[in-house]
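> Sequence and computational prediction follow.
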Amino acid sequence: MSQSSEHAGFIVVPRRASDRLRRWAVGLGWPLSLLLLWGWMVWRAEPALTALRAEHARLELEHAEVSQALERARQDVATLRRSDQISRAANVDVQQTLAERDEEIAALRADVEFYERLVGATGQRRGLTVHAAEFQPETGGSWRYAITLTQNLNRAAVSSGRMRFAVEGVLGGALATVDWNALRQADDAPGQEYSFRYFQRLDGSIVLPAGFTPQRVRVTLDGGGGRAEASLPWQGPAVP
């Protein structure tokens, strides 16, 4: 009996060396071909990648420069706005100061003209007189008064004495008079002293009753030459 008849159904074929080599070649060739392909692609892409990196660095530098320029521009704009605000505020202050100085100059010019007429050769000769009584509101509800006294009848004489005044007006729908003691808020308020040769301005503070509407001021002067009285209209802002 032969060997092939003893192992029926099985055929033993010897392994060839060429088959093993082929499998080895295929197993090594595929990864090697991928590696070579990757290397070739990297080699081809390297110049473009280098250019892209350089372009990216340039753009980043430009972005930083533009960001710095934008920040400087923002700071300049903020500085200019602040400077403009300061200039506008200073301009308003200067205009207000100029307006106040113009008013002061006009008032001083009027005073100078008045005093020139008073002491000049053409001035009308008058004895002790109340030239003006002016009132301005103060903080806290009080009123600041300025009463100007004059005389040029006897230029060598000195007028001296005490001044008091009362304010006439309306209170509660009826005529009322607030005397010196009530204005000064004292039971026996002394008169304000004056002593001058040509003129003098007396000033101080008074308090008016709530709801009182002033209309006239009656000034009384008690001096060595006797008593003098004058009634003048209220000169000042309306009482709120």
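Right, received. Where do you want to start? Numbering: from 1, shown residues only.

> Check whether Leu202 really touches Phe196, as I assumed.
No. Here Leu202 does not reach Phe196: they are 9.7 Å apart, not a contact under Cβ atoms under 8 Å. Just so you know, the C-beta spots here come from the backbone N, C-alpha and C atoms, and that holds for glycine as well.

> what's the burial count for Val170?
Residues lying near Val170 (other Cβ atoms under 10 Å) number 13.

> Please enumerate the strands of the protein.
For the chain, the strands defined by DSSP state E occupy 129-137, 143-150, 159-171, 174-178, 192-196, 199-206, 212-223, 226-233.

> Show me whatever sits in contact with both of Leu202 and Phe196.
Residues touching both Leu202 and Phe196 by Cβ atoms under 8 Å, 6 or more residues apart in numbering: Leu149.

> what about those two, which has more around it?
Leu202 (18 against 15).

> For the more buried one, give its distance to Thr213.
Leu202 sits 24 Å away from Thr213, going by Cβ to Cβ, to the nearest Å.

> And for Asp179?
In terms of Cβ to Cβ, Asp179 sits 17 Å off from Thr213.

> Point me to the residue sitting closest to the centre of this structure.
Nearest to the mean C-alpha position of the chain, counting by Cα atoms, centre = their mean, stands Ala89 at 7.0 Å.

> Would you map the helices across the protein?
Taking DSSP state H as the criterion, the chain carries its helices at 3-6, 17-119, 180-184.
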